[in-house]
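Undergrad: Just the structure for this:
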Amino acid sequence: MAQTGRVPLSVALMQARMTRDFAAAARLGETILGTQPGNAFVRRALARQFDELGESGKALPHWAALREQDPRDFEAAFHVAQAMLRDGATLDGAVGAASAGTAGAFADNLRAVLAAPASPPPREGVRHVVICGVSYCGSTLFDRLLGSLPGAASIGESHWLVKGKVPTGGYDVLNFEADFAGDMVKCSVCGKNCAALTAEFRRALAADRTNWYFRVAERLGTRTLVACDKNPAKIVENDPLLRFDALVLFKSLPQAWWSELQKRKPGQDEAYYLAECERYVATWSKNYDMFLESFSPQGKVVFLSFEEFVQAPPQVLRAACEALSLPFDEAVLKFARPGHAIGGNDKAVRRLKSADYAPDISPLQPPPLPESHARVIAESAMAKQVFERLQAAHDQTMKRPR
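TA: Numbering: from 1, shown residues only. Next comes the predicted model:
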C-alpha cells in the first residue's frame, strides 16, 4: 500500500477529508489514482468533492472514467449526461450516449432524472445533526429521540436511501436496469408505500448526491435534520463539506464488543471469536481516535457516553441538547414521535414499534465477556487511551470539572 511518511495514503486521504483540507484531499486522491487508476472509491470521492465545491469541470473527468469502468454506474452516467446537456446536446442524445451498454430501463430512469426540475440550493437556516460512532453504540435510539424534539426530524441511516436488495443476498446500490423501486430499503415507519421517501426522490438522490442532507431535510419538511450514518466514510461520502453538527456516541469497549459479539456467526470455535475481538478492538480504537483527532466539521462536535445516558436519561439528554443548541423536551423519553427514518438497529426499531414508540431505556448490565476477550481489551494501550479521552470529552458535555 502506498504511504505518505508512515501513514498509508488511504488513511491520509481520509484524514484530509475529515478535516476539510480539500486541497490535500485532491492531491492525495490524484496520487493514489496515479498508481491505481481503477480505484473507484477514490475517484468518486474526488468527483463528489469537486461538485460540492462548484468545480464541475474538475469532477467531470472522474465521472467519465467511472462511467467507462462501469456503464451501469447511474451516478456517473447522470453527471456525464448533464455535462453533455450543458454543452448543447439534446436530452435524447445525452441519454443515449450516457446509457450505452445498459438495459432499456436504465435509459428511462436516466431520462426521468435529467428531465426533472433541478433541486433548489440549500435553504438558509436548515441544519443537520449527525450521530457518529460505531455499530450498536445506541445511535438508533438517539436518532429517534433527537428527531422527536420540537422542529426536528430524523432520517436514520440515510445511506440506505439509495441501496436495495440484490438477488444473491445482501444489499448494494440500486439497480436502475431493473424495477429498482421493488428492491429499495423500506421506511421503518411507513414501509414500502412511504409518501416522503418515494422512488422518484430516491432515484434523484442516487443520480446526484450534491447537498444530500439538505435535500433530505427539504423532503421531510424540517429545518433540523437528524441522521445516524455514524461511519466516518459514510458521513464524508454524503457531505464532503461537512456542513453539520456532530454527536459522537460511544460505549465502553467491553460493552461495545459485547453488543457486537451478539451479531457474530454462532457455533464457531474459540479462536474465531478471539480473532474477531482483536480486530474489533483495533477498529473501535481507530474510528474513535479519528473522531477525536481528525474531525473538523463546520459545526460543533459533542461527545456522549451511552452508558451514562441510560443511567440518567433526562440529565444527559438535556446536556446533549444544550451542547448542540437543540430545544430540550423531556417528553421524547416517553414517546419518540415516528417520522420517516430508514435503517438502524433492527432489534431497536422493532422494540420501539412494538411499544408504540415509547423508548425502553434502562441501565446496561455488566457484559459477561469470556476472560480471554476481557484480557485483549484490558491489554490494549491505545483503546485505554482513546476511552479516557472520550470520557473526558463526555465530561465536558456534562460540564463537569476535571
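Undergrad: Which positions within the helix or strand hosting A65 qualify as buried?
TA: A65 is located in helix 56-69, with elements delineated by DSSP states H and E. Using 16 or more other C-beta atoms under 10 Å as the test for burial, helix 56-69 gives S56, A59, L60, H62, W63, A64, A65, L66, R67. Glycine gets a C-beta too; all of them are placed from N, C-alpha and C.
Undergrad: again, but for stretch 227-241
TA: When burial is assessed from 16+ other C-beta under 10 Å, stretch 227-241 yields the following buried residues: A227, C228, D229, K230, P232, I235, V236, E237, N238, D239, P240.
Undergrad: And those residues, which is the shakiest by pLDDT?
TA: Lowest pLDDT of those: P232, 83.
Undergrad: so who does it touch?
TA: M14, M18, C132, N287, M290, F291, F295 (C-beta atoms under 8 Å, 6 or more residues apart in numbering).
Undergrad: Now do it against N211, distance only.
TA: According to C-beta to C-beta, to the nearest Å, P232 stands 20 Å off from N211.
Undergrad: continuing past the helix holding A65, what's the next helix or strand?
TA: Once helix 56-69 ends, the next helix or strand along the chain (criterion: DSSP H and E) is helix 74-86.
Undergrad: Just send the buried residues of stretch 227-241 back as CSV, with secondary structure and distance to L114 too.
TA: As requested, the buried residues of stretch 227-241 are exported to CSV (DSSP: H, G, I helix; E, B strand; the rest coil; distance: C-beta to C-beta, whole Å):
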residue, secondary structure, distance to L114
A227, strand, 27
C228, strand, 32
D229, strand, 27
K230, strand, 33
P232, helix, 32
I235, helix, 28
V236, helix, 27
E237, helix, 23
N238, helix, 22
D239, coil, 23
P240, coil, 23
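Undergrad: Pick out the most distant pair among these.
TA: C228 and P240 (18.9 Å; C-beta to C-beta).
Undergrad: For burial, what's the neighbour tally of A355?
TA: Counted by other C-beta atoms under 10 Å, the residues lying close to A355 total 12.
Undergrad: Averaged pLDDT, stretch 280-288. What do you get?
TA: Mean pLDDT, stretch 280-288: 95.
Undergrad: same thing with stretch 69-76?
TA: When pLDDT is averaged over stretch 69-76, the result is 97.
Undergrad: cool, and stretch 37-45?
TA: Averaging pLDDT along stretch 37-45 gives 97.
Undergrad: May I see the buried residues of that stretch?
TA: Buried-residue list, stretch 37-45, by 16+ other C-beta under 10 Å: V42, R43, R44, A45.
Undergrad: again with stretch 360-369
TA: Residues L364, P367, L369 are the ones in stretch 360-369 that count as buried (16+ other C-beta under 10 Å).
Undergrad: how close does the most centrally placed residue in the chain get to R279?
TA: For the chain, D229 is the residue whose C-alpha lies nearest the centre (C-alpha atoms, centre = their mean; 2.7 Å). Taking C-beta to C-beta as the measure, D229 falls 22 Å from R279.
Undergrad: quick one, what contacts the closest residue to W212 other than its chain neighbours?
TA: Nearest non-adjacent residue to W212, counting by C-beta to C-beta, 6 or more residues apart in numbering: N238, 4.6 Å away. Counting by C-beta under 8 Å, 6+ apart, N238 makes contact with S158, H159, R209, W212, Y213, D229.
Undergrad: Nothing else from me, thank you.
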